[in-house]
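K.L.:
mind looking at a prediction? Sequence and model below.
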Amino acid sequence: MKQQPGNEVLLRFLSRSANEGFARTAAACFAAQLDPTLEEINDIKTAVSEAVTNCIVHAYPQCLGPVQMRLRLFEDRTVEIVVKDAGVGIEDVERARTPLFTTGSEERSGMGFTIMESFMDQVKVRSRPGKGTTVVMRRKLSSRVTAPV
């Protein structure tokens, strides 16, 4: 049986660079319900930043477009973040996931997916050229045990 989320939120915003910070902060605030460590919060913020930046830079290179971010918390302390766009899509997802590969300018490092993978337990990418891309990231948070006083 598929696990049901304990809580969920859906956000929609335009692919403006200012909204990258909003998405990162919203994800951190939502995940805070599970009392994560500071390191876990920073990891989530970094992964979200990379996923949303990909939408801003690559999905809509010449215009603004819609970005959707769904945040879900599960009873087993897993945080799931889904970032979806309806942009140009990715021709070759496997190639795009290789370190240093970029379709952007020389200013881009080509490390976005690699960074997401290093900070999250699981990263799945689905894309169709001309239809958009969906990135699903999951991270199981540690159990925080407080010492008796």
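P.N.:
Perfect, I can see it now.
K.L.:
from residue 39, how far off is residue 83?
P.N.:
Per C-beta to C-beta, to the nearest Å, residue 83 is found 21 Å from residue 39. (Glycine included, C-beta is placed from N, CA and C.)
K.L.:
neighbour-wise, which of those two wins?
P.N.:
residue 83 (27 against 10; other C-beta atoms under 10 Å).
K.L.:
just checking, the more buried one touches residue 67?
P.N.:
Yes: judged on C-beta atoms under 8 Å, residue 83 makes contact with residue 67 at a distance of 6.8 Å.
K.L.:
what touches both of the two?
P.N.:
23, 52, 55 (C-beta atoms under 8 Å, 6 or more residues apart in numbering).
K.L.:
residue 22 looks like it's in a helix, true?
P.N.:
Yes: under DSSP: H, G, I helix; E, B strand; the rest coil, residue 22 falls within a helix.
K.L.:
how many neighbours does it have?
P.N.:
By other C-beta under 10 Å, neighbour count at residue 22 equals 14.
K.L.:
repeat for the one 4 residues further on
P.N.:
Taking other C-beta under 10 Å as the criterion, the count of residues near residue 26 is 18.
K.L.:
that one belongs to a helix?
P.N.:
Yes: the assignment for residue 26 (three-state DSSP) places it in a helix.
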